[in-house]
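Peer 1: mind looking at a prediction? Sequence and model below.
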Amino acid sequence: MYKFTNQLFQLILFTFFASQLSAQGNHVFSASEAVIFSPVSLSTPGGQTWSTQRSATPGYFSLYGAATLFGAADGSTALVDGYVKHYATVANQGAFFPVGVGNDLRSLTTSGTIPSGLQVGASWILGNPTTTIDPTDGGTHNIANKATDVLEVNTTGQWDWVNVSGSAAGVTLTASIPNLSGFGAASQLRLVGWNGAEWVNLSATQGVAAASGNTENSTLSGTMQNGITALGIGKAYNIAYVKVFLQGAMSGATTMTNYLTTAGFVPATQPFNNLYFNYNGTETNNVLRSSASITDWVMIELRNTVTGAIADRVPAFVRTDGVVVDVVTGQPGVQFSNAIPGNYYLIVHHRNHLSVVSPTTISLPNTAPTTHDFTTGLAQALANGSGNSMKETSAGVWAMWYGDYNHDQIIDGIDRNFVLNDFRLGLFDGYFLGDLNFDGFADGLDDSFILVNFSLGLESPLF
């Protein structure tokens, strides 16, 4: 068996290996390298193994320049059970890292923007990152510590990533993944990286196209960032990009008021924990609730059928431009943790406006700029049978009707009585269901507003 210790051993020709292999295979000890200058096949006549020491200073099979280790195969010993390194000798010179454990190949490939002189190494580590030690940094990587756009990190294993020299930021990484059909849909899979504190999404650029599938040996791609010491397989939230206007908040042709937020009246915690919505979530954001870019809270809901069970629902904020932003990230695109990717009716609720429903199911996750925009036409909302499921607030601009105080999907005399009662109570400088025009008062103006909508016999398709 070849043991390369305490030296830089140069492997030049495959024929050297073919003639010298022993029954045990090839092994590189700690702090040593076997440097390969030309293509070498991992296929061996007797199925001998290729391995390196897994330690703080591991052994490497090192690829110099355009050299390759070819013939790797999942389910065989034609892989490196340990570490592979690449020395990039020219710009944009990628490499194939045929790493794995036992006969389980979990390769990595680098491509794209690669600086000359970059030296990087990688190894596949089997086991839960929370409890399995990464040899080169000597610690574990808790999968509970993750960025806000990462829903979950898979426990199957991780790739140890060693940035020896140069910056790998911007390098495209493509990994061969295990069977993840029980973990998430392909559109949810993301390559994630450990930055020393948490797992972050490396597939933000690739998005829903990051994975070629979710079955054995599908590929998963991402873009390297500085400071990453391990790679893993993550799952993204199901995301819906939505735009909607509220009739009572309109302050311009395509703008809504921010008075309630800038005045400090909008609560930091979601306002739907009442008998009308019966939602007990604890979503909170102290920054957005007073942001000048925010109008109010809304509830975004997903259903498989219009009148069917709720697949998921999430409170969110709607900006003054109508774009709905996530409570956690503060960014466009509402994140759902319970609804798997698929086709859903998209429903927008508001605490005192009539709900709107998408006219057909929408394939989620959708990605910006593929936003479902309720504001551009009446046909953007499911018809209510009376041709008035939304209000045209100005030419070509549509909004949700105000006045559904008790959220029963119809604006009627009961809602008018509630608004009138708030008016009689003299409610001012606050956040009230009876304040239909978002001025912080429940007053005679609000009562006159609801009388108009009440007279139209308005109802939503959910009624």
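Peer 2: Nice, thanks for sending it over.

Peer 1: any idea how far residue 162 is from residue 58?
Peer 2: Look at residue 162 and residue 58: by C-beta to C-beta, to the nearest Å, they are 8 Å apart. No exception for glycine: its C-beta is placed from N, CA and C like everyone else's.

Peer 1: give me the common contacts of these two.
Peer 2: Contact criterion C-beta atoms under 8 Å, 6 or more residues apart in numbering; residues shared by residue 162 and residue 58: 83, 121, 136.

Peer 1: top of those residues by number of neighbours, please.
Peer 2: Neighbour counts for the shared contacts of residue 162 and residue 58 peak at residue 83, which has 27 neighbours (criterion: other C-beta atoms under 10 Å).

Peer 1: touching, it and residue 55? I think so.
Peer 2: No: taking contacts as C-beta atoms under 8 Å, residue 83 lies outside contact range of residue 55: 9.6 Å.

Peer 1: model confidence for the spatially closest residue to residue 180 that is not a sequence neighbour, exactly?
Peer 2: Of all residues not flanking residue 180 in the chain, residue 214 sits nearest, at 4.5 Å (C-beta to C-beta, 6 or more residues apart in numbering). Residue 214 is assigned a pLDDT of 97 by the prediction.

Peer 1: contact partners for residue 214?
Peer 2: By C-beta under 8 Å, 6+ apart, the contact list for residue 214 reads 177, 179-181, 183-186, 189.

Peer 1: same check on residue 347?
Peer 2: Going by C-beta under 8 Å, 6+ apart, residue 347 touches 300-303, 355-358, 462.

Peer 1: 7 Å instead?
Peer 2: 301, 303, 355, 357 (C-beta atoms under 7 Å, 6 or more residues apart in numbering).

Peer 1: so which of these are in helices?
Peer 2: Among the contacts of residue 347, no member is found in helices (DSSP state H).

Peer 1: which pair in those residues has the greatest spatial separation?
Peer 2: 303 and 355 (11.4 Å; C-beta to C-beta).

Peer 1: show me the beta-bridge partners of the residue nearest the centre of the chain.
Peer 2: Central residue of the chain (C-alpha atoms, centre = their mean): residue 236, 3.4 Å from the mean position. Per DSSP bridges, the residues bridged to residue 236 are residue 150.

Peer 1: on that earlier part again, among the contacts of residue 347, which lie within strands?
Peer 2: Under the assignment DSSP state E, these contribute 301, 303, 355, 357 to strands.

Peer 1: same list (the residues you listed) but as a markdown table, adding pLDDT and neighbour count.
Peer 2: As requested, the ones in strands among the contacts of residue 347 are exported to a markdown table (pLDDT from 0 to 100; neighbours: other C-beta atoms under 10 Å):
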| residue | pLDDT | neighbour count |
| --- | --- | --- |
| 301 | 98 | 23 |
| 303 | 97 | 21 |
| 355 | 98 | 23 |
| 357 | 98 | 22 |
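
Peer 1: how about the contacts made by the residue nearest to the centre of the chain?
Peer 2: Neighbours of residue 236 in contact, by C-beta under 7 Å, 6+ apart: 149-151, 188, 190, 201.

Peer 1: now residue 270
Peer 2: 281, 283, 297, 315.

Peer 1: closest to residue 29 out of those residues?
Peer 2: residue 283 (53.0 Å).

Peer 1: does the closest one touch residue 329 like I think?
Peer 2: No: at 11.9 Å, residue 283 and residue 329 do not qualify as touching, with contact defined as C-beta atoms under 7 Å.

Peer 1: pull the number of nearby residues for the closest residue to residue 88 other than its chain neighbours.
Peer 2: Among residues not flanking residue 88 along the chain, residue 118 sits closest, at 4.3 Å (C-beta to C-beta, 6+ apart). Counted with other C-beta under 10 Å, the neighbours of residue 118 add up to 21.

Peer 1: what sits against residue 118?
Peer 2: 88, 165-166, 168.

Peer 1: buried subset of those as a ChimeraX selection?
Peer 2: Here is the ChimeraX command that picks out the buried ones among those, judged by 16 or more other C-beta atoms under 10 Å:
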select :88,168
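
Peer 1: show me the contacts of residue 118 that map onto helices.
Peer 2: Going by DSSP H, the helices hold none of the contacts of residue 118.

Peer 1: now render the contacts of residue 118 as JSON lines, adding pLDDT.
Peer 2: Output for the contacts of residue 118, formatted as JSON lines (pLDDT from 0 to 100):
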{"residue": "88", "pLDDT": "98"}
{"residue": "165", "pLDDT": "97"}
{"residue": "166", "pLDDT": "97"}
{"residue": "168", "pLDDT": "98"}
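
Peer 1: any chance of JSON lines for the contacts of residue 118, columns distance to residue 435?
Peer 2: JSON lines is the format used below for the contacts of residue 118 (distance: C-beta to C-beta, whole Å):
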{"residue": "88", "distance to residue 435": "62"}
{"residue": "165", "distance to residue 435": "62"}
{"residue": "166", "distance to residue 435": "59"}
{"residue": "168", "distance to residue 435": "54"}
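
Peer 1: now, the contacts of residue 118 that are in strands?
Peer 2: Per DSSP E, the subset of the contacts of residue 118 in strands is residue 165.

Peer 1: which residue packs closest to residue 110, ignoring adjacent ones?
Peer 2: residue 94 (4.6 Å).

Peer 1: neighbours of that neighbour, how many?
Peer 2: 16.

Peer 1: can I see the domain layout of this protein?
Peer 2: Split into domains by automatic domain parsing, the chain comes to 2-236, 240-455.

Peer 1: could you tell me the least trusted of these?
Peer 2: domain 2-236 (a mean of 90).

Peer 1: can you confirm residue 208 is in a helix?
Peer 2: Yes: under DSSP: H, G, I helix; E, B strand; the rest coil, residue 208 falls within a helix.

Peer 1: residues contacting residue 322?
Peer 2: Contacts for residue 322 (C-beta under 7 Å, 6+ apart) come out as 243-245, 256, 375.

Peer 1: what's the local residue count around residue 67?
Peer 2: 21.

Peer 1: got it, and residue 458?
Peer 2: 25.

Peer 1: that one touches residue 400, doesn't it?
Peer 2: No: with contact defined as C-beta under 7 Å, residue 458 and residue 400 do not form a contacting pair (10.4 Å).

Peer 1: touching, residue 123 and residue 82? I think so.
Peer 2: Yes: counting by C-beta under 7 Å, residue 82 is a contact partner of residue 123 at 5.8 Å.

Peer 1: shared neighbours, these two?
Peer 2: With C-beta under 7 Å, 6+ apart as the test, residue 123 and residue 82 both reach residue 54.
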